[in-house]
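Trainee: Need the 3D shape of this:
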Amino acid sequence: GFGGVVISDYNAIAELVVHGVAADLAEAAALALRAGVDIDMMGGAYQAGLVPALARGLVTMDQIDAAVLRVLALKQRLGLFADPFRGLGADAPPAGVRFRALAREAAGKAMVLLKNEGAVLPLTCSGGPIAVIGPLADAAEEMLGAWSGAGRAEDCVTFRAGLAAGFPDRALRYAEGAGIESGTAAMIAAAVATAQGADTVLLCAGEARAMSGEASCRGAPVLPEPQLDLARALIASGRPVVLILCSGRPLILPDWLVAGCAAILAAWFPGAEAGHALADVLSGARAPTGRLPVTWPAAIGQIPIHHALRRSGRPASADHYTSKYLDIPVEPLFPFGHGLSYASPQIEALRAEPATVDVPGQITLRFELVNPASQHVETTVLVYRQDPVASIARPVLELCGFVRVQAAPGERVPVSLTFGTDVAAFPGADLAPRVETGRIDFLLGTRAVEAELARVSVHLRGGLPHILPQAEQAGPVQG
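Mentor: Numbers count the residues shown, from 1 in each chain. The predicted structure follows:
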């Protein structure tokens, strides 16, 4: 019943030859068309392969016509015959004019404050000099990241430029300090001299855009050694260091770097409005609200690591034969959902209504978000579920919902979320979804750290028993 079109990935049809399932483009085109692929993205396999495939009887004209008709029908539904450029023609205003404000907002919201020791952030708009140091501090093109589309470096606001605009009453001192993958002792010495006398050092470090994204895997996702040398020297200078980390993935950060930096902000690759967005967050004009959508490992040996792990029969403890490492922690550096802000709202009066619910039915979770701070807050409350006893072992924490809440200073905001009892469903031994009787727990908060989360329980009634019935004895196996 699908009424749309199917499109290949980039050059994927031609790559059927490389995969070894087609001898040439004609066979590749025929395989794809018969499988229901309507559009060949970029590869030219249909253009070069369908004519010989038709001549060799590998496809029919009816098959080609059917695919063409699906593509034309989609174009008609999209209005492309009337306006092929969908408002992006020669008369359209430049995208930069329309979208820069949105780009700034998106970049600011995406940044994640990982550490803020002693509330070093936000920075005041007046005060002593700020040292802006590092290979990513004035690197316009790197701000675009790995998937920039039509982005242009000349349209990007660098961190250095954005901070100068965002802190006009504070002197900004700049030094590169190191290249992304190269550096000299003289560059580091100049950076340390720049940091002397500064109230705060902003170390802008991380990956180049070409070190992340498609076809850019790294066996060791770490900061290159020249940047680590620069960081060591700046931390040793005794000035408060705020690490602004640009990357397309979590990077493995050494213990001394995490401990030595007063604050760490994951800025990722923030795009055209990078500098303005950074200034917004560092000044408090936009409080950081980003949360980690992944678990941030503390060491390469922990990878893969994620929050929805199943229970271990031997959870980590002082006992030797338990699930732990000899030389690295079990816990991630930063758990899923981690992200600090300049205020810490609290969840209070959590309850579930009803406490006992028949299957199928609905469960409403209610709580109050309390903002004790003197400033407005915006936060994301994550909802995890936990099934203490099930016929199939379930993860300790499973994300099942979230809600974004805003609260004025001193405000108590009532919040409710409603779920169907199918929120407790999981694949049984027969792979069919099942909701079992018994207790299910909901845990609310931010980070995927069980001990930090508020908990409420609901009893499900009328579901399947949690012990699967015995399978009937099978007859003798027939050879």
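Trainee: Contacts only, for the nearest residue to A67 once chain neighbours are set aside.
Mentor: Counting by C-beta to C-beta, 6 or more residues apart in numbering, A67 lies nearest to D38, which is 4.4 Å off, once chain neighbours are set aside. C-beta here means a position set from N, CA and C on the backbone, and glycine is covered the same way. Going by C-beta atoms under 8 Å, 6 or more residues apart in numbering, D38 touches 5-7, 67, 70-71.
Trainee: can you do 6 Å?
Mentor: For D38, the contacting residues are 5-6, 67, 70-71, taking C-beta atoms under 6 Å, 6 or more residues apart in numbering as the criterion.
Trainee: so which of those is the most crowded?
Mentor: Comparing the contacts of D38 by number of neighbours (other C-beta atoms under 10 Å), A67 comes first, having 22 neighbours.
Trainee: what ranges do the strands span in the stretch 301-450 of the chain?
Mentor: 346-353, 356-358, 362-370, 377-386, 398-407, 412-420, 426-427, 433-434, 438-445 (DSSP state E, counting those that start in this stretch).
Trainee: how far away is the residue nearest to A67 from E142?
Mentor: Using C-beta to C-beta, to the nearest Å, D38 is found at 38 Å from E142.
Trainee: all strands of the stretch 101-250 of the chain, in order?
Mentor: 112-116, 130-133, 172-175, 200-206, 241-246.
Trainee: By mean pLDDT, which helix or strand of this structure comes out lowest?
Mentor: helix 95-110 (a mean of 88; mean pLDDT, DSSP states H and E).
Trainee: when you compare where that helix runs with where strand 377-386 runs, what's the angle?
Mentor: Helix 95-110 and strand 377-386 are oriented at 60 degrees to each other (axes from the mean of the first three to the mean of the last three C-alpha atoms, to 10 degrees).
Trainee: Poorly predicted segments of this structure, please.
Mentor: Counting by pLDDT under 70, the chain shows low-confidence ranges at 92-97, 467-479.
Trainee: mind checking which helix or strand the spatially most central residue of it is in?
Mentor: Of all residues in the chain, the one closest to the mean position by C-alpha atoms, centre = their mean is P293, 4.0 Å from it. Assigned by DSSP states H and E, P293 belongs to no helix or strand.
Trainee: Which parts of this structure belong to which domain?
Mentor: The record's domain parsing of the chain by the TED database lists 12-78, 99-283, 346-467.
Trainee: Serialize those domains to CSV and add fields for distance to R310.
Mentor: As requested, the domains of the chain are exported to CSV (distance: least, C-beta to C-beta, whole Å):
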stretch, distance to R310
domain 12-78, 34
domain 99-283, 22
domain 346-467, 5
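Trainee: quick one: which of those is nearest L309?
Mentor: L309 lies closest, by C-beta to C-beta, to one member of the domains of the chain: domain 346-467, at 5.9 Å.
Trainee: how far does the closest one sit from the chain's center?
Mentor: 22 Å (C-alpha atoms, centre = their mean, to the nearest Å).
Trainee: Would you map the helices across the stretch 1-150 of the chain?
Mentor: Taking DSSP state H, counting those that start in this stretch, the helices of the stretch 1-150 of the chain run over residues 15-19, 25-35, 45-55, 61-78, 95-110.
Trainee: Could you export those helices to a markdown table, including columns for distance to P465?
Mentor: A markdown table is the format used below for those (distance: least, C-beta to C-beta, whole Å):
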| stretch | distance to P465 |
| --- | --- |
| helix 15-19 | 47 |
| helix 25-35 | 43 |
| helix 45-55 | 53 |
| helix 61-78 | 47 |
| helix 95-110 | 45 |
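Trainee: can you tell which of the ones you listed is closest to N116?
Mentor: helix 95-110 (16.0 Å).
Trainee: what sits against L163?
Mentor: 132, 172, 279.
Trainee: Apply 7 Å and report the result again.
Mentor: 130, 132, 172, 275, 278-279 (C-beta atoms under 7 Å, 6 or more residues apart in numbering).
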